[in-house]
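**Q** Have a look; sequence and predicted model below, questions after that.
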Amino acid sequence: MTEVTTKTDPRRTTPFRVLLSSYACRPDAGSEVGIGWNWVMSLAEAGCELDVFTAARNREANEAFLAANPMPNLRFHFVDVPWMSPWERGGKHYLLWSWKTWHQARLLAKTKRFDLVLHVSYGSVHVPTQLWRLGLPTIFGPVGGGQVTPKSLLEYYGSGRSHEERRTLLTRLLPRMPGYRGSMRKMRVVLAANSDTAALARSAGCRDVRLLCDTGLRRDYASESPRQFTATNEIHLVWVGSFQRRKGLELAFDALQHSSPKIQLTLIGDGIERAEMDAMLAKRGLAERVHWSGARLGWMEVRDNFRTHDAILFTSLRDSFGSQLLEAMSQGLPFIALSMSGARDFLPAGGGLSVELGPNVSETVRGLTRSLDDFAALTLEQRNRMSEIAWHAAQGFAWSRRAETMLEIFAQVTHDR
């Protein structure tokens with residue numbers, strides 16, 4: 001779990017004045033929205049003077065939070081793109097939002113002095129922030145998106161395979177595109193959420209690229225201690241995520257069907273119809289071993305499930321990292337995960353089982369099946385040791401520590417101006 005940081009400049013006595021871009025940013029939410037919010041809150045609590053540009057749809061929730069919890073050093077600026085629905089247009093809405101944000105931020109920067117710009121959301125290297133045009137030192141990230149699905153696993157995308165192949169091609173071409181290279185080379189620092197993204201940023205001409213996980217843990221989320229497992233006849237694994245093709249749910253099923261019958265799997269997520277789920281399970285004879293409530297659970301409900309399972313199974317075919325891994329480890333859960341992207345970069349050795357990819361689907365499935373069976377065969381002492389390692393590693397990703405790391409980067413960036 002190695003991340004590159006710098007040492008804080010001890011001469012700094014005034015708060016950092018930061019113009020922060022976080023398209024997705026709202027309290028009491030998970031995923032990208034929660035990541036954006038937690039970066040904002042952890043930096044505000046660390047004493048930074050923040051002017052935060054975010055999407056207009058976050059206004060009601062954010063203003064309600066500040067009304068109940070006043071923070072004089074935090075101000076939100078809500079940017080609207082009224083002629084386009086964010087729910088219908090997705091990435092196009094974000095692209096237009098980022099350009100409109102630059103225009104509004106330019107007006108603010110004429111009346112207020114900032115030390116630097118920080119962009120945290122959307123956390124994708126594919127669309128660089130335009131705020132570098134303000135002429136301020138710009139920190140882009142943490143961002144992911146440089147990772148691609150291995151060719152050997154593309155068949156799991158079904159009818160969406162061609163779309164994923166186009167995304168892979170675009171990702172590999174980005175560093176060669178003059179406009180993209182021009183924007184990326186303007187970034188003072190690029191914080192990459194995995195080594196794949198770091199390699200892409202460097203090939204695009206970025207001079208200062210550092211590895212930094214894009215997510216963290218709220219201080220009220222982690223358990224007080226690692227797990228102490230007890231002997232049982234079954235092993236209960238949990239899989240968390242939306243049922244998108246890139247999350248590799250069918251890969252999990254393919255491995256599970258050949259594993260020990262004592263292994264049970266709970267699914268937490270949504271995205272497909274019950275009939276489709278039943279068909280996938282019936283095809284593999286897993287109807288009695290896979291359990292799904294059919295509904296998406298709240299953030300704290302997911303935490304409660306972590307506390308009643310033996311390990312998290314993580315099979316994403318393409319992910320920057322996976323917040324659910326960190327959240328599970330904070331409850332003392334060992335992991336069984338494909339050794340890819342952020343999972344390869346940040347999961348602690350000994351905290352679970354990392355599964356290397358094979359040259360083809362069959363070999364990868366067999367490797368994952370072996371890992372499932374190997375975990376089921378562990379002694380209680382071995383599982384407890386994994387829990388201890390995973391739990392201790394997760395503590396280093398508390399949002400307060402994320403903020404400390406970012407402040408160190410701020411100090412170096414402003415000192416070098």
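**A** Thanks, I have the structure now. Numbering: from 1, shown residues only.
**Q** Identify the residue nearest residue 352 in space, chain neighbours excluded?
**A** Spatial nearest neighbour of residue 352, excluding adjacent residues (C-beta to C-beta, 6 or more residues apart in numbering): residue 335 at 3.4 Å. In short, each C-beta sits where N, CA and C put it, glycine included.
**Q** partner residues bridging the one you found?
**A** residue 312, residue 352 (DSSP bridges).
**Q** Hmm, it is touching residue 310, no?
**A** No: the criterion here is C-beta atoms under 8 Å, and residue 335 misses it with residue 310 at 11.0 Å.
**Q** For the spatially closest residue to residue 386 that is not a sequence neighbour, list the residues it contacts.
**A** In space, and not counting its chain neighbours, residue 386 is closest to residue 334: 3.8 Å by C-beta to C-beta, 6+ apart. Shown in contact with residue 334 (C-beta atoms under 8 Å, 6 or more residues apart in numbering): 310-312, 351-353, 375, 383, 386-387, 390.
**Q** Reformat the residues you listed as JSON lines; add pLDDT, distance to residue 304 and neighbour count.
**A** Below are the contacts of residue 334 laid out as JSON lines (pLDDT from 0 to 100; distance: C-beta to C-beta, whole Å; neighbours: other C-beta atoms under 10 Å):
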{"residue": "310", "pLDDT": "97", "distance to residue 304": "15", "neighbour count": "23"}
{"residue": "311", "pLDDT": "97", "distance to residue 304": "16", "neighbour count": "28"}
{"residue": "312", "pLDDT": "98", "distance to residue 304": "14", "neighbour count": "26"}
{"residue": "351", "pLDDT": "97", "distance to residue 304": "21", "neighbour count": "25"}
{"residue": "352", "pLDDT": "98", "distance to residue 304": "20", "neighbour count": "28"}
{"residue": "353", "pLDDT": "98", "distance to residue 304": "24", "neighbour count": "21"}
{"residue": "375", "pLDDT": "98", "distance to residue 304": "22", "neighbour count": "24"}
{"residue": "383", "pLDDT": "97", "distance to residue 304": "20", "neighbour count": "20"}
{"residue": "386", "pLDDT": "98", "distance to residue 304": "21", "neighbour count": "27"}
{"residue": "387", "pLDDT": "98", "distance to residue 304": "17", "neighbour count": "25"}
{"residue": "390", "pLDDT": "97", "distance to residue 304": "18", "neighbour count": "28"}
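**Q** can I get the residues you listed in TSV with distance to residue 215?
**A** Below are the contacts of residue 334 laid out as TSV (distance: C-beta to C-beta, whole Å):
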residue	distance to residue 215
310	23
311	20
312	15
351	17
352	18
353	22
375	24
383	25
386	21
387	21
390	16
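**Q** Quick one: neighbours of residue 218, just the number.
**A** Counted with other C-beta atoms under 10 Å, the neighbours of residue 218 add up to 16.
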